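In: here is my input, please return the structure:
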Amino acid sequence: MTDPLRETIVEYGRSLHERGLSPGTSGNLSVRLVDGFLCTPTNASLGSLAADRLSLLDASGAHVEGDAPTKEAPLHLALYDAHSDARAVVHLHSTYAVAASCLADADPADALPALTPYYVMRVGRLPLVPFRWPGSSELVEEVRARAAESRALLLANHGPIVAAASLADAVAAAEEIEEAAKIALLLRGLPVRELPQRD
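Out: Numbers count the residues shown, from 1 in each chain. Below is the predicted model of the structure:
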């Protein structure tokens, strides 16, 4: 019998990959379960996920069954720890967000300007996490240190990671970060009208 949640992860992965938001084998998705987590496997293209091969983790994050989990699963767990109501986490290496994460003058407190209402509503502030190598314990600790500040973080020279109440919401926020980064880069050097953050 097909598990609808697993199929939903596969569908979102395929959509993100087909739209160029997770090139190659980059990017990973996870969903919190009652007693653990489902996440995408290591070295897997989001465009060719298999529902029965997704990684199942227990509540502590230990691998239970399925393919070996993404090496970035600890980043997801750090966000879940910080946001008890989060049901899903999306991490992408989307082009414009990665480009924005490489800018030397990016504001560590808020890496992208608030230029559109949907960015303000879906993302809010986007703290920049200092660069540490992917898969390293140092990166996990940096994410853990910043996770309480926002549901969305931008990893320097790496890409965005977002926690939300559902997989649909996490994907929407990650997509909004990519669009906001694209707009910010297109307008770079021009005078802009920034929006206030909502209370």
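In: pLDDT on stretch 174-191, on average?
Out: Mean pLDDT, stretch 174-191: 96.
In: got the contact list for it?
Out: With Cβ atoms under 8 Å, 6 or more residues apart in numbering as the test, stretch 174-191 has contacts from 16, 21, 90-92, 94-97, 99-100, 112-113, 115-116, 118-119, 122-123, 126, 152, 154, 160, 162. Yep, even glycine has a C-beta here, placed from its N, CA and C like the rest.
In: buried ones in it, by neighbour count?
Out: 174-185 (16 or more other Cβ atoms under 10 Å).
In: just the buried ones from the contacts of stretch 174-191?
Out: Buried, going by 16+ other Cβ under 10 Å: 16, 21, 90-92, 94-97, 100, 112-113, 115, 119, 122-123, 126, 152, 154, 160, 162, out of the contacts of stretch 174-191.
In: now, the residues you listed that are in strands?
Out: 90-91, 152, 154, 160, 162 (DSSP state E).
In: which among those residues gets closest to residue 197?
Out: residue 152 (13.0 Å; Cβ to Cβ).
In: leaving out sequence neighbours, find the closest residue to that closest one.
Out: Excluding its sequence neighbours, the residue lying closest to residue 152 (Cβ to Cβ, 6 or more residues apart in numbering) is residue 162, at 4.5 Å.
In: what do you get for residue 12?
Out: residue 171 (5.5 Å).
In: hmm, residue 13 and that neighbour touching each other?
Out: No: between residue 171 and residue 13 there is no contact under Cβ atoms under 8 Å: 9.6 Å.
In: those two: which is more packed in?
Out: Using other Cβ atoms under 10 Å, the more surrounded residue of residue 171 and residue 13 is residue 13, with 24 against 21.
In: list the contacts for that one?
Out: 22, 27, 29, 40, 46-47, 49.
In: buried residues in stretch 2-20?
Out: For stretch 2-20, by 16+ other Cβ under 10 Å, it's 6, 8-10, 12-14, 16-17.
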